[in-house]
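Student: sequence isn't available, so here's the structure alone:
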Ligand code: 3HC
C-alpha cells in the first residue's frame, strides 16, 4: 500500500459544487490536483470557478497573489481518465447517482494501480452499494466533505464491509493532513450529518406547507433562537434543492423511513428548476445565480 507521506498527487473526479471546493482544500495543502470532468464545457466551467475563487481570496487579502498562482500552477484539468498520475489519491465527487458513480469508478480502476486509494464523496448512498462492481473494493471508502469544503472542518469517513483497515487509517491521516477533523461512521444511508440534517430541512418545509410559518420566519427562528449560521431554507438553497431531494429520495428508497419522505413543495420547486442559489431561485429569489454557491 502507498505511503501517505510519499503521495504528491490527487485526482478529483467531478468539478461541480463539491469537487470545486475539494480541489481548493487540497491545492491549499500543497498537493498536485488533476480534475477529471465528463466534457470540455464542464471542465472549463469548473477550472474557471477555481481561478475566480482564488482571485476573490487574493482581492480580500486572504492569500498573496504568489501563493494563489503557485496553487493554480499545481492544478490540471482533463476529460481523460488516463491523465490520472501514478501514486495518486482519487476522490470521486460526481452527481449523487449510483450508476454515474459506479461508471466513473470503473473508469478509474482501469487506469490506476491496484492499491490506489479511491474515495467517494457520496452524501447518502451506502459505500458498499457503490463498490459492488469494483475489482478491488478493499481500497474504497466514503470520504465525505461538507459544503463549503474550504470552510467546514468535518470529514465523515465511511468504511464499507469490504474496506481494509489500513485504508481507514490512511483516510483518517489524510483528512488530518488536510487540516480537517474526521469522524468515522457506519455505512448506513446518509451516515451521520445528512441523516440528521435532511429530516430537519424536510420538517421545516412541511411546517411551511402547513402554513405554520414562512421560510423567512422559520429561518429567523433557527438563526436567532437556535444559533444556526443559516436557517433550513437558506441552507437548502445553498446546498441545492435537487441535492436535498436526491438525498431524501436515496434514503427513503432504501429505508422507507417517513422522516425522509420529501414534501410536495420541495419536489415542485425542483421540477420547476428552482434549484436554489446556483440558478438564482429556490425558496428565495436571488439577484443572480451563484453557480458554486460562492460570491466571486
Ligand atoms: N466556498 C468556499 N468558501 C466559502 C464559500 C463557498 N461556497 N462560502 C463562504 N466561503 C468562505 C468565504 O470566502 C469566507 O472565507 P474568508 O474568511 O477566508 O474570506 C468564509 O467562508 C466566511 O464567509 P462569509 O463571511 O461570506 O459568510 P459567513 O460567515 O456567513 O459563512 C458559511 C458562510 C460558512 C457558508 C456559513 O453560513 C455556514 O456555516 N453555513 C452552514 C453551512 C452548512 O451547514 N454546511 C453543511 C451543509 S450539508 C452538506 O454539505 C452535506 C452534503 O452532503 C450536501
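Tutor: That came through fine. Source: prediction; values computed, not measured.
Student: so which elements touch the biggest helix by length in the chain?
Tutor: Across the chain, the longest stretch assigned as helix under DSSP state H is helix 40-59. Identification of packing neighbours for helix 40-59 by 3 or more Cβ pairs under 8 Å, 6 or more residues apart in numbering; DSSP states H and E yields helix 17-28, strand 32-36, helix 65-73, strand 75-78. The way it works is simple: take the backbone N, C-alpha and C, and place the C-beta from them, glycine included.
Student: so how far is that helix from its chain's centroid?
Tutor: Offset of helix 40-59 from its chain centre (Cα atoms, centre = their mean, to the nearest Å): 17 Å.
Student: quick one on the thing from earlier: of the helices and strands packed on helix 40-59, which is nearest the ligand?
Tutor: helix 17-28 (5.4 Å; Cβ to the nearest ligand atom).
Student: how about the residues of the stretch 101-250 of the chain that lie near the ligand?
Tutor: When proximity is defined by Cβ under 6 Å from any ligand atom, the stretch 101-250 of the chain lies next to the ligand at 123, 146-148, 150-152, 193-194, 197, 229-230, 235, 239, 243.
Student: tally up the residues packed near residue 71, please.
Tutor: Number of residues near residue 71 (other Cβ atoms under 10 Å) recorded here: 22.
Student: typo on my end, it should be residue 253
Tutor: Around residue 253 there are 12 residues (other Cβ under 10 Å).
Student: quick check: it is in a helix.
Tutor: Yes: counting by DSSP: H, G, I helix; E, B strand; the rest coil, residue 253 is found in a helix.
Student: so how far is residue 17 from it?
Tutor: Going from residue 253 to residue 17 by Cβ to Cβ, to the nearest Å gives 23 Å.
Student: could you pull out the buried residues of the longest helix of the chain?
Tutor: Buried residues in helix 40-59, counted by 16 or more other Cβ atoms under 10 Å: 42-43, 46-47, 49-50, 53-54, 57-58.
Student: got it, and stretch 256-265?
Tutor: Residues of stretch 256-265 classed as buried by neighbour count (16+ other Cβ under 10 Å): 260, 262-263.
Student: mind putting the residues you listed into CSV with pLDDT?
Tutor: Listed next are these as CSV, based on pLDDT from 0 to 100:
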residue, pLDDT
260, 98
262, 98
263, 98
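Student: closest to residue 29 among those?
Tutor: residue 260 (34.7 Å; Cβ to Cβ).
Student: pretty sure the closest one is touching residue 197, no?
Tutor: No: counting by Cβ atoms under 8 Å, residue 260 stays clear of residue 197, with 11.2 Å between them.
Student: remind me which residues of the stretch 151-296 of the chain are low pLDDT?
Tutor: Where the stretch 151-296 of the chain drops to pLDDT under 70, the residues are 293-296.
Student: let's see it at 90
Tutor: The stretch 151-296 of the chain contains residues with pLDDT under 90 at 287-296.
Student: returning to that earlier point: out of the residues of the stretch 101-250 of the chain next to the ligand, which end up buried?
Tutor: Among those, those classed as buried by 16+ other Cβ under 10 Å are 123, 146-148, 150, 193-194, 197, 235, 239, 243.
Student: so which of the residues you listed are in helices?
Tutor: Applying DSSP H to those, the entries found in helices are 193-194, 197, 235, 239, 243.
Student: what bridges to residue 143?
Tutor: residue 157 (DSSP bridges).
Student: and it, what is it in contact with?
Tutor: Residue 143 makes contacts with 91, 119-121, 155-158, 171, 174-175, as judged by Cβ atoms under 8 Å, 6 or more residues apart in numbering.
Student: just put these in JSON lines and tack on neighbour count and secondary structure.
Tutor: Listed next are these as JSON lines, based on neighbours: other Cβ atoms under 10 Å; DSSP: H, G, I helix; E, B strand; the rest coil:
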{"residue": "91", "neighbour count": "24", "secondary structure": "strand"}
{"residue": "119", "neighbour count": "27", "secondary structure": "strand"}
{"residue": "120", "neighbour count": "25", "secondary structure": "strand"}
{"residue": "121", "neighbour count": "24", "secondary structure": "coil"}
{"residue": "155", "neighbour count": "26", "secondary structure": "strand"}
{"residue": "156", "neighbour count": "21", "secondary structure": "strand"}
{"residue": "157", "neighbour count": "23", "secondary structure": "strand"}
{"residue": "158", "neighbour count": "25", "secondary structure": "strand"}
{"residue": "171", "neighbour count": "24", "secondary structure": "helix"}
{"residue": "174", "neighbour count": "25", "secondary structure": "helix"}
{"residue": "175", "neighbour count": "21", "secondary structure": "helix"}
